[in-house]
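Q: here is the input, now give the coordinates:
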Amino acid sequence: MLKLHKYKLLIVGLTIGLLIIIFLAFRFLTPFGAVVSYQFNSILNRDKLSKIKGAEETSSFSPSQTGVLQIPQQTIRQNIVTFNLKLITKPIEGVWVNLKFKGNPKEIKIGVRGSEKEKYQYLPLYNQILNSLTWGQTSEGKTTFWQREKKYPDLSGLISKPPVSDDIRIASYFFDPSDIVMKESGQSSQNNLKIEKTLRGTHTLLVKVDKKPLLLTVSKQDANAYKGEDNLSIQIYDSRQNKLAEQLIPDDGVIDSGGLRMAAQKSDIKIDDIKSGIYKIVLQDMTENADVRIKSVEVNQPSLVFQAPVFVVDEKPTILWTNSKKITMSTPHNGGVQTVKLDGKNDLKVEKEGKAFSFDLTSDSASMLHKLEIPKNDLNINGDGYFAFSQESFFNPEPIKTVDLSKVIDINKIDFIIANYQPAKKSSSAKATGDKDGEWYIAQAYFDPKDIKIDEDKLYFSLESPELNSYGGEIVIDSLEVTVKKPGWFSKPEPAKESGSITVEKQNIIQKAKAWINNLWQKLFKKTPGTITITNTKTSPTPSPSPSQKPIPSPSPIQKITNFIRILNGGAGQGGAGEFAKVLAGAGFTNVTAETADKTDYKNAIIKYRQEDEKIVAKLEELLKKDYKTVDKQKIATTSAEIVVIIGEK
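A: Reported below is the predicted structural model:
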């Protein structure tokens, strides 16, 4: 009898231990992925409010409106506020930021980085000009094109035939010109590019990467004409000026000024996981007297151009191709006095050493690309365009000239605007709470995890409103939510585009199984992240509020909806499912995935759901009808806890 009792205790102990192991495995390993939301408002911690240091906190009691104590709000009057959060999951599939605010800011942007050593990656949350702009507009993907007066059918028309008048100005906002260049050019099938020309001093190159990996080989030789070490630094930057790689070609060992030249040294750089785009390569001469000679540059991409200035000191004649309209040339030596041939017919004469000779080619509109034949070299060449050593390798990294919208003082002097900006939307909750002190806005941003290098287990954020305190502005924050999605063991980086009914059906069965188990697990063991840490940067002291200032009532928080929603892009355009996922996140949906449908010729929008999910479907239908006139609701007999939304062509 005693043995039987011991066996029972052993079985109970093993069962409890097994349950603990399973809990910990799902808690930290999350085999089916996880969606974790980090919030700061009064809901996060009822005993200790998560509050931004330096922000004014207000709350009010108004029985005539709601009869309950309103959630405290936080008012920011500083230009920059930073905070960080400790991740419970790593790696991540995406970062979503949702901000509910009101006030009078001119601009709000959010920055994120995965290390204090890295630069912030910024996205816009609110721009006063764009949010109130009434110009005609067209959108393509994430880019919107505004015109004061319609002169082009869309952005492609502007790119193909940009205005020639200097009086017509184009502003851009969070817009990367490389998006246009890569879209227009497509992938090239040409071979690698090798430039075997001797260059003196620091040079900056731009390379168009349309295949990976990126391979770069640079060789240099020390002139040893001056005393000291002759080092060359090679640096590679992305379009956001993040340094991707850096390597040093050291001195050849000769540090005197005897002019002894040793064999050339070379260095190789390889970047495996690189996205298509335009990258900057800086070949920085670390000497004071330009004592380094760059002997060759080789890259496994076909398109590469140089920014001005270009200083060729090769022994053989050189041909340069440029789109510059204003060119300046000078030589430091008498032997560099020469005549440069332009387009095989015009003479550009450099007649004296130490003097700059300028040439204006704006009157020559017959050719967009000019050919320079340089017989003697030893010329320091500047221009308002780009230079290439072959016509085939030339590309224009800046097809249109723009000014930064953030620095525009008078919008009336701008004719066109190009921006990657999702307008902040007015919240309907202000009407429900009777708030008359201003309109609430909901702003959203999504960060691609490929743009965030996470060193440890933290994300660092910077919430910024440039010059806010200079004009007495303020931002009243009702809620700020950061959502981080972690991939599961079975997740794929990109949804697979399967073909054939059998394959698709298998995929659906797996997705349903995952959704059912994940939904059950979330109900049994809900994940709760630790309180996020919030700190503020050193700025000017926050002014004290006026005694007569009335407290600002706060609307009720958005109700969280935990039902699993699967959005399938069936023809809504690139990124359509992700965009609607962000809309759902702003509406309170906390368990949403965005994938590709089995085909891309769906029309309108379709919702597939169970009978018991009618109320949730009504909310989804309301959100969909903002973009789709027709929403087809299909009740299906299923035990799956998921709701499927297919968004097709509008």
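
Q: could you grab the helix/strand/coil label for the residue lying closest to residue 266 once chain neighbours are set aside?
A: Computed as CB to CB, 6 or more residues apart in numbering, the closest residue to residue 266 that is not its neighbour in sequence is residue 219, at 3.9 Å. Every residue, glycine included, has its C-beta placed from N, CA and C. Following DSSP: H, G, I helix; E, B strand; the rest coil, residue 219 is assigned to strand.

Q: mean confidence score for stretch 229-240?
A: Per-region confidence: stretch 229-240 scores 93 on mean pLDDT.

Q: pull out the buried positions in it.
A: For stretch 229-240, burial by neighbour count (16 or more other CB atoms under 10 Å) applies to 230-232, 234-239.

Q: I'd guess residue 612 is in a helix, am I close?
A: Yes: assignment of residue 612 by three-state DSSP places it within a helix.

Q: any idea how far residue 564 is from it?
A: To residue 564, residue 612 is 14 Å away according to CB to CB, to the nearest Å.

Q: ranges for the helices of the stretch 551-650 of the chain?
A: Counting by DSSP state H, counting those that start in this stretch, the stretch 551-650 of the chain has helices at residues 576-586, 614-624.

Q: can you redo these as CSV with mean pLDDT, distance to residue 316 and mean neighbour count?
A: Compiled in CSV, those are given as follows (pLDDT from 0 to 100; distance: least, CB to CB, whole Å; neighbours: other CB atoms under 10 Å):
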stretch, mean pLDDT, distance to residue 316, mean neighbour count
helix 576-586, 85, 53, 21
helix 614-624, 91, 66, 16
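
Q: could I get the ones you listed as TSV with distance to residue 409?
A: Shown next, in TSV, are the helices of the stretch 551-650 of the chain (distance: least, CB to CB, whole Å):
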stretch	distance to residue 409
helix 576-586	32
helix 614-624	38
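
Q: closest one to residue 601 among those?
A: helix 576-586 (13.8 Å; CB to CB).

Q: now do the closest one against helix 614-624, angle only.
A: 120 degrees (axes from the mean of the first three to the mean of the last three CA atoms, to 10 degrees).

Q: contact partners for residue 331?
A: Contact analysis of residue 331 by CB atoms under 8 Å, 6 or more residues apart in numbering lists 337-338, 350, 353-354, 378-380.

Q: state the distance from the residue nearest to residue 266 to residue 282.
A: Taken as CB to CB, the span from residue 219 to residue 282 is 16 Å.

Q: who has more neighbours out of residue 612 and residue 564?
A: residue 564 (23 against 8; other CB atoms under 10 Å).

Q: would you agree the more buried one is in contact with residue 591?
A: Yes: counting by CB atoms under 8 Å, residue 564 does reach residue 591; the two are 4.8 Å apart.

Q: tell me the secondary structure at residue 180.
A: Residue 180 - assigned by three-state DSSP - is helix.

Q: cool, residue 82 as well?
A: strand.

Q: could you check the pLDDT of it?
A: 87.

Q: quick check: longest strand of this structure.
A: Identified as the longest strand of the chain according to DSSP state E is strand 475-486.

Q: helices or strands up against that one?
A: strand 34-40, strand 73-76, strand 94-103, strand 458-464 (3 or more CB pairs under 8 Å, 6 or more residues apart in numbering; DSSP states H and E).

Q: convert the C-alpha atoms of that strand to CSV, please.
A: Included here for strand 475-486 are C-alpha records, laid out as CSV according to Å, rounded to 0.1, in the frame of the first residue of the first chain:
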residue,chain,number,x,y,z
ILE,A,475,1.8,66.9,-27.3
VAL,A,476,-0.9,65.4,-25.1
ILE,A,477,-0.4,61.6,-25.2
ASP,A,478,-3.3,59.3,-24.3
SER,A,479,-1.4,56.1,-25.1
LEU,A,480,1.7,54.9,-26.8
GLU,A,481,1.9,51.2,-27.7
VAL,A,482,4.8,49.3,-29.1
THR,A,483,4.0,45.8,-30.5
VAL,A,484,6.8,43.3,-31.2
LYS,A,485,6.2,40.1,-33.1
LYS,A,486,8.4,37.1,-32.7
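
Q: relative to residue 102, which of the buried residues of stretch 229-240 is nearest.
A: residue 239 (33.5 Å).

Q: distance of the closest one from residue 397?
A: For residue 239 relative to residue 397 (CB to CB), the value is 10 Å.

Q: with residue 472 instead?
A: Taking CB to CB, one finds residue 472 at 40 Å from residue 397.

Q: more crowded one of these two?
A: Remark: of residue 472 and residue 397, residue 397 carries more neighbours, 18 against 9, as counted by other CB under 10 Å.
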